[in-house]
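Visitor: here is a sequence with its predicted model. Questions after.
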Amino acid sequence: MKVGIDSNIFIMCMNPLSDHHIIFKKLVSGNYSLCITTEISLEYLEVFQIKFNSVKSEMLHKFLHESNYVIDTEVFFKWNLIIADPDDNKYADCYLASNADYLVINDKHFSVLKQTEFPTVRCINIDEFTKMLTE
């Protein structure tokens, strides 16, 4: 299974005390693959540096670039499907370019993707993805 994960979701699953930590644990153990682009990687790094100390931030960044379960994706076409927050388009574009199975989001700006007939983007929230990984 290949997924795209919004940076807010990725940060939420980093806390070992979180109900959603299973998302990170399952990624590390190879139960699914995370699709990212350079732009997404840079956003993750920026958020890591704000939320975590420099050592943990660097470890997470290194994991993203060395893990066999992280797929670096090249986007050749920008769909611009999310007008309310154009910066979020990088996640939809990565999802489409990587032919991912799901885009895991909690941001209301992504709701437009559920109404878009073409291209189809299968969005699920953090609770749905957590449940999927634990079944």
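Guide: Sure thing, it's come through. Predicted model, so just to flag it, every value in this text is computed and none were measured.
Visitor: which pLDDT value goes with Tyr91?
Guide: Listed pLDDT for Tyr91 reads 92.
Visitor: was I right to think it contacts Ala100?
Guide: No: counting by C-beta atoms under 8 Å, Tyr91 does not reach Ala100; the two are 9.8 Å apart. From N, CA and C alone the C-beta is placed, and that goes for glycine too.
Visitor: identify the contacts common to those two.
Guide: Gly4 (C-beta atoms under 8 Å, 6 or more residues apart in numbering).
Visitor: looking at those two, which is more packed in?
Guide: Higher neighbour count among Tyr91 and Ala100: Tyr91, with 30 against 24, using other C-beta atoms under 10 Å.
Visitor: and the next helix or strand past the helix or strand encompassing that one?
Guide: Using DSSP states H and E, Tyr91 maps to helix 89-98. Using DSSP H and E, the helix or strand that follows helix 89-98 towards the C-terminus is strand 102-104.
Visitor: what's in contact with that next one?
Guide: With contact meaning C-beta under 8 Å, 6+ apart, strand 102-104 is reached by 1, 3-6, 9, 23, 91-92, 95, 110, 113, 121-126, 129.
Visitor: stretch 128-135 too?
Guide: Residues from elsewhere that reach stretch 128-135 (C-beta under 8 Å, 6+ apart): Val3, Ile9, Asp19, His20, Ile22, Ile23, Lys26, Asn31, Tyr32, Tyr102, Val104, Ile124.
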